[in-house]
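> Whatever this is, show me its structure:
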Amino acid sequence: MAKLDNINRIIAEDFEKDDQELIGRLGGVLNHFMEQTFEAFAGRIDFDNLDQEVKTIQITVDGSGTPVGESQFSSEKLSRAKGSVVIAARNLDNIANFPTSVPFVVFSSVQDSLYKINNISGLQANEKYELVLILFPA
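Prediction:
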C-alpha cells in the first residue's frame, strides 16, 4: 500500500497579494482536513472511524442452534448489516461450560436496523450466552 507524503500546508503568503485573502480562508479549512487525513493514514484509524458496530446480545439456543425465546437485535449505527464476527462468548449459566467451537451467527434483516437471529452454531444447548459481535455493513 502506498504511503502518504508529508503534507504541505497552504500558506496565503505564498500566493499573489490579490489572492491571499481567499487562499487564507481556504487554507484554514483545507489545512486542518489534510492534517487529519494524514494522521489517520499514519496508523491512527481507530475502531470508531470504521463503518462497523460492536453489539452485545444474550441468547439461548436449542440442540440444533435455533434460538430459544427472543432472537432479535437492533443496530444503532448500521441500517443494513451484511454479517458479523463473534469476538467474545461467555456462558452466563455455567462458566465451566465453554462454546464447542467458534460461534457463527446466521441472521436476517427484519427491517432497517432490526435483525432476527436464525441460528448460532458452536454454543452449548439450553444455556444462556452473552455474545459480543462486530457487525459489518452491507
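
> List the contacts of the most centrally placed residue in the chain.
With distances taken as Cα atoms, centre = their mean, Q52 lies nearest the centre of the chain, 1.9 Å away. For Q52, the contact set (Cβ atoms under 8 Å, 6 or more residues apart in numbering) comprises 77-78, 134-137. Yep, even glycine has a C-beta here, placed from its N, CA and C like the rest.

> Need phi/psi at it.
phi -160, psi 170 (degrees, to the nearest 10).

> Numbering from 432 from now on, please.
Got it, first residue is 432 now, which makes that one Q483.

> how many other residues sit next to the nearest residue to K513 once chain neighbours are set aside?
Residue nearest to K513 in three dimensions, not counting chain neighbours: A569, with 4.1 Å by Cβ to Cβ, 6 or more residues apart in numbering. Residues within reach of A569, counting by other Cβ atoms under 10 Å, total 9.

> Next one, pLDDT for A569 please.
If you check A569, the pLDDT there is 84.

> Can you list the residue ranges for helices in this protein?
For the chain, the helices defined by DSSP state H cover 451-470.

> for it, what are the low-confidence residue spans?
Scanning the chain for pLDDT under 70 picks out 432-433.
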